[in-house]
Each structure stands twice: as C-alpha cells, then as structure tokens.
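# the amino acid sequence is not available; the structure is as follows:
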C-alpha cells in the first residue's frame, strides 16, 4: 500500500484519489473548501464537481497541508496553474520539516504567465531543484467524468527518470485506465497545456455553427501550433505530439462537452461575454490562463501561433469572433508542413 496525498479536491482530484484508493492505496485529499471536505468525509460524495458519483469510502479530505503530507510517498498535484507555485512553496516547507522526499506527480495542464514555465519546471524550482528526476507528469485524452464511469482510457506518464515513470505507471494503471511511459516530460506538458487553448477555439467554431470541415481544419492546424511551440521554444521531441499527450488529448478536448475549455469557447461563439462565462463556469478554464503565457512567448520569440493569438485577442483585447475568423482565413497563403 502506498500513501498518496492528492492536492486538489475538484473533479480530477476526487476521481484520481478514489481510483487510487480502489487499488488499495491510502489516499488523503487536500482542499481549501471546508464544505467539500466535509461532504467527502461524511457522505463520500463531491456533488459540487461530480454529480451522482460515490467516492471510495477510505478517501479522507483535509484543509491541513501538514496533515495531508504526513509520511506520504507520492504527492499528486491536481490544482489550477495559478495555484501551483504558492502551494509548492508550502509543500517544500512541510517537507523540509519532515525530511521526506516523496515522488511529485502533476496532472495539471498549463503554462505560468510571466515565467512561461511549465508545471514540472515550477515544481522542480520550488520543491526539488537538486532532484528533477522526482517529478512526473500524467497527461492524455481523458475527462474526469469519463474516468469516473470507467470508460476505457489511455494516458501518458512522463519523467526524465524512466524508473519513476514506471513506478507511477504501475500505481495508476487498472483495468480501465492504461498508462504508457514517455521520457519527453517537456513535450508532454506543452501538449497538455496548449491543447486547452485550441479547445477554446474549437468551441468558438461550434458556437458559431460551423461544422466538421472547420473542426477538422482547426484541430489539424492547432496541432501544428502545439508542435511548433514545443519544438522551437521548449526543445520537445516532435513525435510526442503525435501521441496520447498530443493528438490524443487534442481530439478529446476539442470534441467533448465535458471540456470546460470547449464549453467556454462555445459560449463565446454564441455571443456571451468572457466575464459572464468565467462567473458562471464554476471551475477553472485553464486555457484562458495558458493563452496569456503563449501570447507572451509569441511576442518575445516571434513564434507563429495564429489560432492561439486569435483566442487571446477575443478573451483579453475584446476583439470579436467574426473579426478573428476573417483575419484567419485572409492570412497570406503558406506552406502546410513547417516548423
């Protein structure tokens, strides 16, 4: 039995925590919502995030980080990108007091605006600057709602340490969730982060009433942008973007109503304001944070990412969807395959 602290009691944290408990692990959820924690502990449900679904009865939730990290072997981060650095700093303080060196796993998909750093880079910087091999990322085509219903799912776990990736692979894999290892940690994270931005764009097209041709074009050119950023800015391996973390995650996020990013885009396409969407979504829209970082990178490094930049202008510069679609289609003709 492995003791695991899951930081984040939202949909993904609850589902992954319950899954890990189903395999006989001791799981503690850390979250700052007292009402959610109490419901998990007493009713074994988390109705704010997961309707009509039972949490494994052995899972326990707390708002006390020191308590959550007591004697853990693995810490799983399932927090919004903007919360990662501050919580990582707190985790480091607790670990320093206990002399523990647990494996740190991230299921968060994002890029931090300002620093332009990926989640694994933040966690390395704040927790394990001397031991980056202790960081593992899990990513791929999956929604919490589908995993909760035991839909057959395949994802990737990536680390610069083959041994640690294999350890996570063994702990998480069950009869409906299959993990593959990948040594390209950076590429896996770039893919997971940027696909959220492309999903907003896919939702916008759906909201405007465009059909299959537009969706296919958007996803294909979106994958080109993801690859271009990963290879040119982060020195990722091109083949990573043809795998589960790349095209796989892009497909599921751009075509499913379970995607918060897609739902955000659809509402934008239907004419709702971004402020209204944020207020009523009830959960974090990761692509809306990541696109800020992508905009900064495009400005600094002159990387061509027209779809991502269009999403940025719609969200933060009050450009209209119609204007951005026209700009996109009127761009100077270019060669298809290029980095």
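Received it, and whenever you're ready, just let me know what you need. What you are looking at is a predicted structure, and each value in this text was computed from that prediction instead of being measured. Numbers count the residues shown, from 1 in each chain.
# what's across from residue 28 in the sheet?
Beta bridges link residue 28 to residue 5, residue 60 when assigned by DSSP bridges.
# I figured it hits residue 64, correct?
No - the pair residue 28 / residue 64 is not scored as a contact, 9.7 Å apart, by CB atoms under 8 Å. For the C-beta atoms, the positions are set from N, CA and C on the backbone; glycine is no exception.
# how near is residue 236 to residue 296?
Distance, residue 236 to residue 296, by CB to CB, to the nearest Å: 18 Å.
# cool, residue 273 as well?
In terms of CB to CB, residue 273 sits 24 Å off from residue 296.
# mind checking which of those two has more residues around it?
A direct count of neighbours by other CB atoms under 10 Å for residue 273 and residue 296 places residue 296 higher, at 16 against 11.
# from what I can see the more buried one touches residue 111, true?
No - Residue 296 is beyond contact range of residue 111, at 9.2 Å (criterion: CB under 8 Å).
# using the three-state scheme, assign the residue nearest to the spatial centre of the chain.
The residue lying closest to the centre of the chain (CA atoms, centre = their mean) is residue 109, at 2.4 Å. Classification of residue 109 using DSSP: H, G, I helix; E, B strand; the rest coil returns coil.
# excluding its backbone neighbours, what's nearest residue 36?
With sequence-adjacent residues excluded and distances taken as CB to CB, 6 or more residues apart in numbering, residue 36 is closest to residue 9, at 5.4 Å.
# next up, phi/psi of the one you found, please.
phi -110, psi 30 (degrees, to the nearest 10).
# what residues are up against the nearest residue to residue 103 once chain neighbours are set aside?
Nearest residue to residue 103 in three dimensions, chain neighbours excluded: residue 74, at 4.8 Å (CB to CB, 6+ apart). By CB atoms under 8 Å, 6 or more residues apart in numbering, the contact set of residue 74 is 2, 3, 4, 5, 102, 103, 104, 105, 168, 171.
# where exactly do the helices run in the stretch 201-339 of the chain?
212-234, 249-255, 260-269, 274-281, 286-301, 306-316, 321-329 (DSSP state H, counting those that start in this stretch).
# ranking these by burial, who's on top?
helix 260-269 (a mean of 24; mean count of other CB atoms under 10 Å).
# what's the angle from that helix to helix 274-281?
Angle of helix 260-269 versus helix 274-281, following axes from the mean of the first three to the mean of the last three CA atoms, to 10 degrees, is 140 degrees.
# gap between helix 260-269 and the chain center?
17 Å (CA atoms, centre = their mean, to the nearest Å).
# I'd like to know which elements that helix is packed against.
helix 185-207, helix 249-255, helix 274-281, helix 286-301, helix 306-316 (3 or more CB pairs under 8 Å, 6 or more residues apart in numbering; DSSP states H and E).
# the ones you listed into a markdown table, with extra columns for distance to residue 221?
Converted to a markdown table, those look like this (distance: least, CB to CB, whole Å):
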| stretch | distance to residue 221 |
| --- | --- |
| helix 185-207 | 9 |
| helix 249-255 | 11 |
| helix 274-281 | 23 |
| helix 286-301 | 15 |
| helix 306-316 | 6 |
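# may I see those arranged in JSON lines, with distance to residue 90 and mean pLDDT as well?
Formatted as JSON lines, these follow (distance: least, CB to CB, whole Å; pLDDT from 0 to 100):
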{"stretch": "helix 185-207", "distance to residue 90": "22", "mean pLDDT": "98"}
{"stretch": "helix 249-255", "distance to residue 90": "29", "mean pLDDT": "97"}
{"stretch": "helix 274-281", "distance to residue 90": "26", "mean pLDDT": "95"}
{"stretch": "helix 286-301", "distance to residue 90": "20", "mean pLDDT": "97"}
{"stretch": "helix 306-316", "distance to residue 90": "30", "mean pLDDT": "98"}
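# give the contact list for residue 258.
143, 144, 145, 146.
# off-centre distance for stretch 239-259?
That offset, for stretch 239-259, works out to 11 Å (CA atoms, centre = their mean).
# next one: stretch 257-270
For stretch 257-270, the distance to the chain centre is 16 Å (CA atoms, centre = their mean).
# also stretch 219-229?
With CA atoms, centre = their mean as the basis, the mean position of stretch 219-229 lies at 17 Å from the chain mean.
# over to stretch 41-53?
Per CA atoms, centre = their mean, the centroid offset for stretch 41-53 relative to its chain is 22 Å.
# before we move on, which element is residue 88 in?
Under the criterion of DSSP states H and E, residue 88 resides in helix 81-98.
# list the buried residues in that helix.
81, 84, 85, 87, 88, 91, 92, 94, 95 (16 or more other CB atoms under 10 Å).
# from residue 294, how far off is residue 56?
37 Å.
# how about the contacts of residue 258, which pair is most distant?
144 and 146 (7.4 Å; CB to CB).
# tell me which of those two has more neighbours.
For residue 144 and residue 146, the more surrounded residue by other CB under 10 Å is residue 144, and the numbers stand at 20 against 17.
# give the contact list for that one.
11, 12, 14, 15, 16, 49, 50, 258.
# turn these into JSON lines, including distance to residue 325 and pLDDT.
Formatted as JSON lines, these follow (distance: CB to CB, whole Å; pLDDT from 0 to 100):
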{"residue": "11", "distance to residue 325": "32", "pLDDT": "95"}
{"residue": "12", "distance to residue 325": "32", "pLDDT": "97"}
{"residue": "14", "distance to residue 325": "38", "pLDDT": "97"}
{"residue": "15", "distance to residue 325": "36", "pLDDT": "98"}
{"residue": "16", "distance to residue 325": "37", "pLDDT": "98"}
{"residue": "49", "distance to residue 325": "33", "pLDDT": "92"}
{"residue": "50", "distance to residue 325": "35", "pLDDT": "93"}
{"residue": "258", "distance to residue 325": "25", "pLDDT": "93"}
